[in-house]
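1. build me a structure from this.
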Amino acid sequence: MELMDAIRMRKSYRKTFKPTPVPEADLKEILEAAVAAPSGCNTQTTRFIAVSDPELAHKLASIYNKPWALTAPAAILLLSKETPSYHGNSYHLQDYSAAAQNILLAVTDKGYGTAWIEGQIEGEKAEQMGGLLGVPEDLTVVIYMPLGIPEEEATGVQKMPMEERAWLNGYGKTF
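-> Below is the predicted model:
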């Protein structure tokens, strides 16, 4: 798939998945896309866990507690911590966001569906997920992505027209 096709086709998927397992080779390639993401001052603050075991994926989905996620045969979790760069700033938010976008595009390219789940797992749910997967205490589960082959079409949301959000050579100047 061409990159721009993957960008245009990417949709958050929050519906049921087919029970078909996600091959470990596909998960590895998706995580290769994640680790290739840019990182502020090259601090590389984000860590990743791919889950191919359907039982473990189901336990994670039970913690998240949304019925559609319970059907996901796999999952990806992003872990992070504040890590000051040599400038003293931490770029962990930007790091894991860039990695998540790469994951979303790789997932789309491979014909899978997922959604970026962040705010709905903050706190206790993130701790429970981390505990289930043996995540060290100095790292936090920041994003959970249930993953699989979509059982339905991902409809997505309506995006504003480009002309209302992007311009050339100045605000409001059209291409």
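2. which residue lies nearest the spatial centre of this protein?
-> residue 100 (4.1 Å; CA atoms, centre = their mean).
3. can you name the residues that contact that one?
-> Residue 100 is in contact with 34, 78, 116, 143, 145, counting by CB atoms under 8 Å, 6 or more residues apart in numbering. For the C-beta atoms, the positions are set from N, CA and C on the backbone; glycine is no exception.
4. in the helix or strand it falls within, which residues are buried?
-> Element membership for residue 100, per DSSP states H and E: helix 92-109. By neighbour count on 16 or more other CB atoms under 10 Å, the buried set for helix 92-109 is 92, 94-109.
5. tell me the mean pLDDT for that helix?
-> Averaged over helix 92-109, pLDDT sits at 97.
6. next structured bit after that helix?
-> Sequence-wise, the next helix or strand downstream of helix 92-109 (DSSP H and E) is helix 124-132.
7. got a list of contacts for the lowest-mean-pLDDT helix or strand in the chain?
-> Between all helices and strands in the chain, the lowest mean by mean pLDDT, DSSP states H and E belongs to helix 3-9, at a mean of 92. With contacts defined as CB under 8 Å, 6+ apart, helix 3-9 is touched by 1, 105, 108, 109.
8. which one of those residues is nearest residue 49?
-> Of all those, residue 49 sits closest to residue 105, with 19.3 Å by CB to CB.
9. in strands only, show me the contacts of residue 100.
-> Counting by DSSP state E, the members of the contacts of residue 100 that fall within strands are 78, 143, 145.
10. and the last one, how far from residue 171?
-> Computed as CB to CB, to the nearest Å, the residue 145 to residue 171 distance reads 35 Å.
11. okay, these two: which has more neighbours?
-> residue 145 (28 against 5; other CB atoms under 10 Å).
12. now that the more buried one has come up, it's in contact with residue 118, right?
-> No. Applying CB atoms under 8 Å, one finds residue 145 not in contact with residue 118, separated by 9.8 Å.
13. and for residue 5, the neighbour number?
-> For residue 5, using other CB under 10 Å, the count is 11.
14. same thing with residue 54?
-> Going by other CB under 10 Å, the residues that sit close to residue 54 add up to 17.
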